[in-house]
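J.: from the sequence below, what's the structure:
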Amino acid sequence: MGVTLNPLGPPFDFTGAGGGGGGTITGTIADQQVAFGSAANTIDGDPAFLFDDTSAEWRLKIGGGTSVEADAPIDVLLAMPDQTNWQLVLMNSTFSTNPNDGLFGGVDDVGEISFWWRNYAGRIGFNLDGMLVSDGTADPYTHIRGAYPGDDVFFKFVSAADIDSGSTYEQAFPFIGFVTNADDGCNAVAVYGYAHSNNTTAPVWGANFVAVNHAGAVGSKLVGMEIDVVPLAGTTLSSQTGGLFINGFNLTNIPVALQIGCISGGTWTNGIVINDIAAGGAGILVHSGTIVSANAILPENSDGAALGSTSKQWSDLFLAEGGVINWDNGDVTITQTNNVLAVVGTTSVTFDAAIAAASTATVGTATGTTGAVLFKGTTSGTVTLSVADAAGTWTMKLPTTAGTSGYSLTTDGSGNTTWTNVSGGSGATTALDNLASVAINAALLLGTSDAAALGSATKMWSDLFLAPGAVVNFNNGDVTATHGSGTLTIGGSAANGVNLTLAAGGTSRASLSFPASTLTTTPADGDVEMDANCFYHCTDAGNRGYVPVVYMIRQAADRAAFANDTNQQAIFDSVTNGTLTLETGTYEFEGVIQCKGMSATSGNLKFSVIGAGTATLGTILRTSSGFDAANEGVTTASGVSSIQATQTAANIATAAIATVVTFTVNGSFEVTVAGTIIPSVAQTTATTTAVITAGSYLRFNRIGAAGVVSVGQWT
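T.: Have a look, this model is predicted:
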């Protein structure tokens, strides 16, 4: 066959023992003819460079060697059928009966890259269609397919690394995918599997991961697949971030999204274990569909979880025939059987409202002997009361008509009741225990006076209802309590009168208490009233007066000596602080005070009604009259008036050389802010021996609210 040897275009050079020196080679080469070198220039006896006339291919034999299987030789050839296609062929002439078995690869005239293994049974291969990085026009996906129908397809990467204790690298990765995405409009996928079934029943798996250990291995940790989501610190996440997404496309009712099972007799201890869910998050959140279980749903520990919560309640509870609600492993149960609920394990069931029975209500047990049932239903019809006991069932059937005057309810002994005319005195028993209620239209009298009580110490009536003008009459009028409009009058026989005696009070209860109230517009003679300020009494119709309530303090023994200074000091130490607490209002006061042991040069005092107290005083007017003289002596009195709470300038009396000062004081003042007053005096000339003499006193009484101007019929 004639051919021009210039398939590569430009001149090329071959250098070898039998090779030429470059340039263009033309001429006719016979089939199987050695083009370069002599017969000695062969590899394993084959020509190094030849033209195969049968396949019209140029073949360059690159090398040879020994196969890992049965020392079979491996031929490596580069075949070039024409100038656009090429193939890389690893031939194994002894592997099988077919001399063309081997690994082939090449690029065809449409730019498709193909690699395949071919043997006698057929060919298995995978193609890389398009580009691994898409330019927007080529298909970026990788397809793995069998070249012929019926071929099995495998695409397997094998890591031969063994991990031993102490190894430098203690992880083996058969396949690693790493993708960096800098484009918001693209999806980055590190590992993508696409399995395509082109047969009606042909199964495909998008991915299959197997973790296995060697026989006899102990303590192996086998993880079929681990999914890690590793956000870096300081970053934020999309709400669509997740560890595993399972999506179905195109068809409805795709059978199973996630299935957990075992084969070859294996079992799982736990199917799904969920940990580390954020507070308030859901371990399993179902937005559609239902949760279906063929077995019991249990908490991890007894009393360790609630079914619902105070803010997330289940809408309804559906139980099957014979369903049981069981508290504390049978302590109390409620069991349903044929429209009946049986409560077992408790001695009582408490309801906080009435129970309405639509038809038949059964209460109690066969051994019950006490209890009461109130039935409220329609105004007509039959109500059956069934009491189970050893003798059987007793039934009382009420009539369907209402009773009328003169009739009573009687029974025939079999539970049937009828209305019966009771004229002539028959009917109710003397104990009235055969009537539901008693209507009395005449006086209810005892057979003998003072022979019986109305109620008893243990059986008391709850209330007593009397008509307007009713009288409670004791001993035929000796004492009466008569009702009038808003008035209860206690009276009695004119000869004896009425003595109203109240029981003695105690530490927590007074004998008689008047609540503060609004005063009557026109009081009547004898009225006693109280408002928020004072007690009042009226002895002249319409002209009430206040009843003084006096607050008094008295020095029963000489006071301890004053401090040797001219500051205001509490007059009294008969009570610890000599302090009186007052609410707002108007007060009047008066008293007699003596101080002895004073300076013989010029002993005298200055008076203060409030001292160091905390109250705020409003309008005040007082006057005092005193003597700077010894007791039992006759001397001229002197005094001072003041509109100040504390006297600061003038002495209480004209100063003299006596060591005793005695004075009276009286007046009124207003308290505008509640607080305390501490009646006090200050020495004009300080001594260490001045004391308040026993018998000194002050008294205060409230006469009205702050700003009061009158009580009584002033005009």
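J.: which SS state does residue 291 fall under?
T.: Assigned state for residue 291: coil (three-state reduction, DSSP: H, G, I helix; E, B strand; the rest coil).
J.: and it, how many neighbours?
T.: Using other C-beta atoms under 10 Å, residue 291 has 7 other residues around it. All C-beta spots, glycine's among them, are computed from the backbone N, C-alpha and C.
J.: likewise for residue 475?
T.: Using other C-beta under 10 Å, residue 475 is surrounded by 11 other residues.
J.: same thing with residue 477?
T.: Residue 477 has 11 neighbouring residues, counting by other C-beta under 10 Å.
J.: now residue 590
T.: Residue 590 is surrounded by 15 other residues when neighbours are defined as other C-beta under 10 Å.
J.: same question, residue 676
T.: When counting by other C-beta under 10 Å, one arrives at 15 neighbours for residue 676.
J.: that one sits in which helix or strand?
T.: When secondary structure is defined using DSSP states H and E, the element that contains residue 676 is strand 675-677.
J.: run through who's touching that strand.
T.: Identification of contacts with strand 675-677 by C-beta atoms under 8 Å, 6 or more residues apart in numbering yields 579, 580, 581, 582, 609, 610, 611, 613, 614, 615, 616, 617.
J.: switch to 6 Å and redo it
T.: Here strand 675-677 makes contact (C-beta atoms under 6 Å, 6 or more residues apart in numbering) with 579, 580, 581, 610, 613, 614, 615.
J.: swap in stretch 688-695?
T.: When contacts are defined by C-beta under 6 Å, 6+ apart, stretch 688-695 is touched by residues 555, 557-559, 561-562, 564, 571, 594-598, 683.
J.: repeat for stretch 567-585
T.: Residues from elsewhere that reach stretch 567-585 (C-beta under 6 Å, 6+ apart): 551, 553, 555-556, 559-560, 562, 608, 611, 615, 671, 674, 676-682, 692, 702, 705-706.
J.: quick check: mean pLDDT across it?
T.: Mean pLDDT, stretch 567-585: 95.
J.: ends of that stretch, how far apart?
T.: 29 Å (C-alpha to C-alpha, to the nearest Å).
J.: buried ones in that stretch, by neighbour count?
T.: Under the neighbour-count criterion of 16 or more other C-beta atoms under 10 Å, stretch 567-585 has 568-574, 578-580, 582, 584-585 buried.
J.: let's see which of these end up in helices.
T.: Using DSSP state H to define helices, no part of the buried residues of stretch 567-585 is located there.
J.: which of the residues you listed fall in strands?
T.: Residues from those lying in strands, with DSSP state E as the criterion: 569, 570, 580, 582, 585.
J.: which one is residue 658 nearest to, not counting chain neighbours?
T.: With C-beta to C-beta, 6 or more residues apart in numbering as the criterion, residue 658 has its nearest non-adjacent residue at 4.8 Å, and that residue is residue 629.
J.: so how many other residues sit close to that neighbour?
T.: As a burial measure, the neighbour count of residue 629 was computed by other C-beta under 10 Å and equals 20.
J.: circling back: closest one of the buried residues of stretch 567-585 to residue 464?
T.: For residue 464, the closest of the buried residues of stretch 567-585 turns out to be residue 585, at 41.3 Å, with distances computed as C-beta to C-beta.
J.: bridging residues for that closest one?
T.: Beta bridges link residue 585 to residue 671 when assigned by DSSP bridges.
J.: how close does it sit to residue 707?
T.: Applying C-beta to C-beta, to the nearest Å, one obtains 9 Å for the distance of residue 585 from residue 707.
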